[in-house]
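Here is a sequence together with a model predicted from it:
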Amino acid sequence: MMLNVTAAFSAVMNTVRDFGTEQVPFDTAVGRVLRETIYADRPFPPFNRVMMDGIAISYDSFAKGQLIFGVEDMQAAGMSRKQLGNTANCMEVMTGAVLPELTDTVIPYEHLHEDEHEGFRRFTIEKEVRQGQNIHLLGSDAPAGKALITAGTQIGAAEIAVLATVGHALVTVSKRPRVVVIATGDELVPVTTVPEAHQIRLSNLYSIGAALQGLGITAQYLHLADNAGAMETHLQELLRDTDVWICSGAVSAGKYDHLPQVLHQLGMRQIFHKVQQRPGKPFLFGVFEKGPAVFALPGNPVSGFMCYYRYVQPWLQAGMRQNAAPPLYALLGEDVLFDKPLEYYLPVKLQSLPSGQWEALPQTYHGSGDLAGLLLADAFMALPAEQEIFKKGSSFPVWRFR
């Protein structure tokens, strides 16, 4: 029985497995999924921090009408905290410095006039002053012990900065799954080969491999001929040491589509074959009890591309325990008619509207074999099977690939 998209996606996600964890140096962890909570080892910031170059004063002196302050000393970033000797004076301070003792307000140089009197430098305040201004207070960002980064976060530049700040030199992250991308077909030749008229170059391998790189996963590549015996031999060798097979082609009803039967003979438990969607209807999914999960995608490039982003990538992210992103919706940019009882994944170009919403502009493409048509789009809009007419301005979910 052919499943609808909701049931197929649920069936896929019900098989999610944890790929395990490992520790890596924090500065190599960009793109990895965090598997521990990171806490502040001390307050953020760890001292009352000067936010602008200028002078630090005691506000009480200003409040009593004093506008001219003689320079007593200098407090630069990295210096131990100094103390103002006389609250009628000021201390020059630099951005990032500890606020000197007996001062509570910082005035930037731009609001001051500097001169010299009897050999002493002094500053005259020329702008209004608020008590406590230009000071980043101790612990105002986060107290010691506060959770700063939660498990499931994909680590980026901001997370690296926090890891460094709290001294977390080794970080626990998800292991990356061992993935093999498998293309089938006698018509396929290597990229460097000049194809005959009846041949095409391998492309699905590399488009899926490139998408996996976005998750930090480096895949193995395998090209199999349309020969059931050879296909079974090659796949048997992969059973033990892989977590995921992403296959492209040989899953429909053609006489040379041997893959479903070969997978069955190898012991794969088929969960479904065929989904009520266009493109990607022949999609097959199954699992080996003590082996890889198998995503057997249609060979037409747009079909396989859509199925990867709709099913495979969410499954991989869940297996690496990455926090799921909220669904993205967009407004349809023009009327669309689709009269098949299938969920339609329409290639669209997204653009931001002044309202802050996304608009999805349908892109002309010539079916699931039109790989070049994807160059004009950056997402698929999911139009439900229950409708035939989709009006401009209606809101539907989109699955981004760019």
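Noted; the coordinates are in hand.

use CA for all of it now, contacts and neighbours both
OK.

Need the contact partners of the biggest strand by length in the chain.
Ranked by residue count, the top strand of the chain under DSSP state E comes out as strand 343-352. By CA atoms under 8 Å, 6 or more residues apart in numbering, the residues outside strand 343-352 that reach it are 4-5, 276-279, 306, 330, 338, 358-363, 365, 374, 376-385.

Verify the stated contact: H111 with L67.
No. Counting by CA atoms under 8 Å, H111 sits too far from L67 to count as a contact (11.6 Å).

Now for these two: what residues contact both?
Both H111 and L67 are in contact with 125-126, where contact means CA under 8 Å, 6+ apart.

low-confidence ranges in the stretch 201-350 of the chain?
250, 253-256 (pLDDT under 70).

hey, where'd the strands end up in it?
Using DSSP state E, counting those that start in this stretch, the strands of the stretch 201-350 of the chain run over residues 220-224, 244-248, 269-273, 277-278, 284-287, 293-297, 328-332, 336-337, 343-352.

Would you list the strands that the longest one pairs with, along with their directions?
This points to strand 343-352. Counting by DSSP bridges, the strands paired with strand 343-352 are strand 277-278 (parallel), strand 358-362 (antiparallel), strand 379-383 (antiparallel).

try the third one
Taking DSSP bridges as the criterion, strand 269-273 pairs within the sheet with strand 284-287 (antiparallel).

and the partner strand, how far out from the chain's middle?
26 Å (CA atoms, centre = their mean, to the nearest Å).

Verify the stated contact: A169 with Q23.
No. The pair A169 / Q23 is not scored as a contact, 9.9 Å apart, by CA under 8 Å.

Quick one: the helices in this protein, in order.
Remark: helices assigned in the chain by DSSP state H are 5-13, 59-63, 157-165, 204-213, 228-238, 259-266, 301-307, 313-319.

bridging residues for D73?
Here D73, judged by DSSP bridges, has bridge partners M91.

for the one 10 residues further on, same thing?
Note on Q83: beta-bridge partners by DSSP bridges are E101.

For the closest residue to Q75 other than its chain neighbours, list the residues it contacts.
Nearest residue to Q75, sequence neighbours excluded (CA to CA, 6 or more residues apart in numbering): V93, at 4.8 Å. Counting by CA under 8 Å, 6+ apart, V93 makes contact with 50, 52-56, 74-76, 99.

cool, G280 as well?
297-298, 303-304, 306-307.

likewise T184?
223-226, 247-250.

Distance check, it against H234.
For T184, the distance to H234 equals 12 Å [CA to CA, to the nearest Å].

Same question for T105.
From T105 to H234 the distance is 73 Å (CA to CA).

okay, the two: which has more neighbours?
T105 (22 against 13; other CA atoms under 10 Å).

Quick check, the more buried one in contact with H136.
No. With contact defined as CA under 8 Å, T105 and H136 do not form a contacting pair (10.7 Å).

Surely C307 touches F295?
No. Judged on CA under 8 Å, C307 makes no contact with F295 at a distance of 9.0 Å.

Which neighbours do the two have in common?
Contact criterion CA under 8 Å, 6+ apart; residues shared by C307 and F295: F283.

returning to what we had before: S140: which of the strands of the stretch 201-350 of the chain is closest?
strand 328-332 (33.5 Å; CA to CA).

and the closest one, what does it pack onto?
Packing contacts for strand 328-332, counted by 3 or more CA pairs under 8 Å, 6 or more residues apart in numbering; DSSP states H and E, involve strand 358-362, strand 395-400.

please redo it, this time with the cut-off set to 10 Å
Packing partners of strand 328-332 (3 or more CA pairs under 10 Å, 6 or more residues apart in numbering; DSSP states H and E): strand 343-352, strand 358-362, strand 379-383, strand 395-400.

Can you check the pLDDT for R49?
On pLDDT, R49 comes in at 98.

wait, isn't it in contact with A97?
Yes. Between R49 and A97 there is a contact at 5.8 Å, judged by CA atoms under 10 Å.

Can you pull the residues that touch both of those two?
Common contacts of R49 and A97 (CA atoms under 10 Å, 6 or more residues apart in numbering): A77.

quick one: average confidence on stretch 71-79?
On average, stretch 71-79 scores 97.

meant to ask about stretch 174-189
Stretch 174-189 carries an average pLDDT of 87.

Look up which residues are beta-bridged to the most centrally placed residue in the chain.
Closest to where the C-alpha atoms of the chain average out (CA atoms, centre = their mean) is Q154, at 6.2 Å. With DSSP bridges as the criterion, Q154 is bridged to V33.

follow-up on the earlier one: give the PyMOL command for selecting the buried subset of the contacts of strand 343-352.
Buried members of the contacts of strand 343-352, defined by 16 or more other CA atoms under 10 Å, are picked up in PyMOL with:
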select buried, resi 4+5+276+277+278+279+306+330+338+358+359+360+361+362+363+365+374+377+378+379+380+381+382+383+384+385
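
Show me the protein divided up by domain.
5-19+175-319, 21-44+144-174, 49-136, 328-400 (automatic domain parsing).

so how far does the second one reach from one end to the other?
Taking CA to CA, the span from the opening residue of domain 21-44+144-174 to its closing residue is 4 Å.

Then the last one?
Distance between the boundary residues of domain 328-400 (CA to CA) amounts to 9 Å.

And it, how far out from the chain middle?
With CA atoms, centre = their mean, you get 22 Å for domain 328-400.

same check, this time on the third one
Domain 49-136 has its average C-alpha position 44 Å from the chain's average C-alpha position, going by CA atoms, centre = their mean.

Kindly report the same for stretch 258-277.
Centroid displacement of stretch 258-277 relative to its chain, using CA atoms, centre = their mean, is 31 Å.

what's the answer for stretch 306-316, then?
Taking mean C-alpha positions (CA atoms, centre = their mean), stretch 306-316 and its chain are 14 Å apart.

Run a quick neighbour tally on the residue lying closest to I55 once chain neighbours are set aside.
Excluding the flanking residues, the one nearest I55 by CA to CA, 6+ apart is E92, at 4.3 Å. For E92, the neighbour count with other CA under 10 Å is 22.
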